[in-house]
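Chemist: Structure here, sequence nowhere to be found:
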């Protein structure tokens, strides 16, 4: 991996806020040449520091909603590989959006999406739970997202009350 320069860190911060920012805009914001920004972005992509440009979507605003569950998984680590092999086996399923190694009461936190509750339940009972190393699962369904990746989803109502002061 190439050196993570101050310019690259600043580019990452700005792209993290809004991935639609062009190299020209980034160069203006940072006070550097556009070519330097393009080169920094190319190196960050080549080194897999930038792995994807994504939109944050408020799915509750459209009719086709999905069900998201966070599943706490306790596992027995594999000899020689620890948690890696089991995590890989789990994250290869298309329903799985994220897998995190955790400290605390459980080992892995698995984020799963499905079209409905039954689809998520079937994934847990037919795919996840039967894995030999899985000791237990606890499924938590997300009922409502208020904020994701720094974006607040709620349309806040303006406070129109009269200010009363003594």
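Modeler: Right, received. Where do you want to start? All values reported here derive from a predicted model rather than from experimental measurement.

Chemist: which stretches of the protein form strands?
Modeler: If DSSP state E is used as the criterion, the strands of the chain fall at 67-75, 96-101, 108-114, 134-141, 147-148, 151-152.

Chemist: so what strands line up beside the fourth one?
Modeler: Which is strand 134-141. In the sheet, strand 134-141 lines up against strand 67-75 (antiparallel) (DSSP bridges).

Chemist: From residue 6, how far off is the residue nearest to residue 134 when sequence neighbours are not counted?
Modeler: Spatial nearest neighbour of residue 134, excluding adjacent residues (Cβ to Cβ, 6 or more residues apart in numbering): residue 75 at 5.5 Å. No exception for glycine: its C-beta is placed from N, CA and C like everyone else's. Per Cβ to Cβ, to the nearest Å, residue 75 is found 40 Å from residue 6.

Chemist: What is the burial count for the residue nearest to residue 107 when sequence neighbours are not counted?
Modeler: Spatial nearest neighbour of residue 107, chain neighbours left out: residue 75 (4.9 Å); criterion: Cβ to Cβ, 6+ apart. Neighbour count for residue 75, taken as other Cβ atoms under 10 Å: 20.

Chemist: do the same with residue 103
Modeler: 6.

Chemist: now residue 66
Modeler: 13.

Chemist: Please report how far it lies from residue 127.
Modeler: In terms of Cβ to Cβ, residue 66 sits 17 Å off from residue 127.

Chemist: can you tell me which residues contact the residue positioned nearest the centre of the chain?
Modeler: In the chain, the centroid-proximal residue (Cα atoms, centre = their mean) is residue 98; its distance is 6.6 Å. By Cβ atoms under 8 Å, 6 or more residues apart in numbering, residue 98 lies in contact with 109, 110, 111.
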